[in-house]
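quick check, what structure comes out for this input:
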Amino acid sequence: MHGIHPLALYATYLVEALNPPIRFGVVLSSYGWGGGAIWHVQQILGPSKIEVVGAMEVNGPPSINDIKHIVELSKTLVAKIRKEG
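Down below sits the predicted model:
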């Protein structure tokens, strides 16, 4: 299998179709589906006005460094929302 988990794909298309007032987002992915999910999500959301402020793909269970990076991504997202909000 290659790409994005079917439920994540559905959620991504739902966000695109409903066009909620979301301005920023972060994409987190597991390599378990063969990689490429981040690219796929960015392609689907590209025409929307959602700015992806960060993305990360983890291969296997997240390490301590992966978790630290996810925390940093969340801080970046919060800072962006606060700045623009």
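
what does the helix or strand of the chain with the lowest mean pLDDT contact?
For the chain, counting by mean pLDDT, DSSP states H and E, helix 37-45 ranks last in confidence among helices and strands (a mean of 83). Where contact means C-beta atoms under 8 Å, 6 or more residues apart in numbering, the residues beyond helix 37-45 that reach it are 3-5, 8-9, 12-13, 15-16, 25, 27, 29-30, 52, 55-57. No exception for glycine: its C-beta is placed from N, CA and C like everyone else's.

try it again with 10 Å
Outside helix 37-45, the residues that touch it by C-beta atoms under 10 Å, 6 or more residues apart in numbering are 2-5, 8-9, 11-13, 15-16, 22, 25, 27-31, 33, 36, 50-52, 55-57.

got the buried residues for that helix?
For helix 37-45, a neighbour-count test (16 or more other C-beta atoms under 10 Å) marks A37, I38, H40, V41, L45 as buried.

next: stretch 52-66.
For stretch 52-66, the buried set under the neighbour-count rule, 16+ other C-beta under 10 Å, comprises V52, V53, G54, A55, V58, D66.

first-to-last residue distance for that stretch?
Here the two ends of stretch 52-66 are set 18 Å apart, with distance taken as C-alpha to C-alpha, to the nearest Å.

same question, stretch 8-27
11 Å.

where exactly do the strands run in the protein?
Secondary structure of the chain (DSSP state E): strands located at 24-30, 51-58.

okay, these in JSON lines with mean pLDDT next?
Output for the strands of the chain, formatted as JSON lines (pLDDT from 0 to 100):
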{"stretch": "strand 24-30", "mean pLDDT": "86"}
{"stretch": "strand 51-58", "mean pLDDT": "89"}
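
report how many residues lie close to K83.
8 (other C-beta atoms under 10 Å).

from P21, how far out is it?
Applying C-beta to C-beta, to the nearest Å, one obtains 17 Å for the distance of K83 from P21.

could you find the closest non-adjacent residue to the residue nearest the centre of the chain?
With distances taken as C-alpha atoms, centre = their mean, V27 lies nearest the centre of the chain, 1.1 Å away. Distances taken as C-beta to C-beta, 6 or more residues apart in numbering put A55 closest to V27, at 4.2 Å, once the chain neighbours are dropped.
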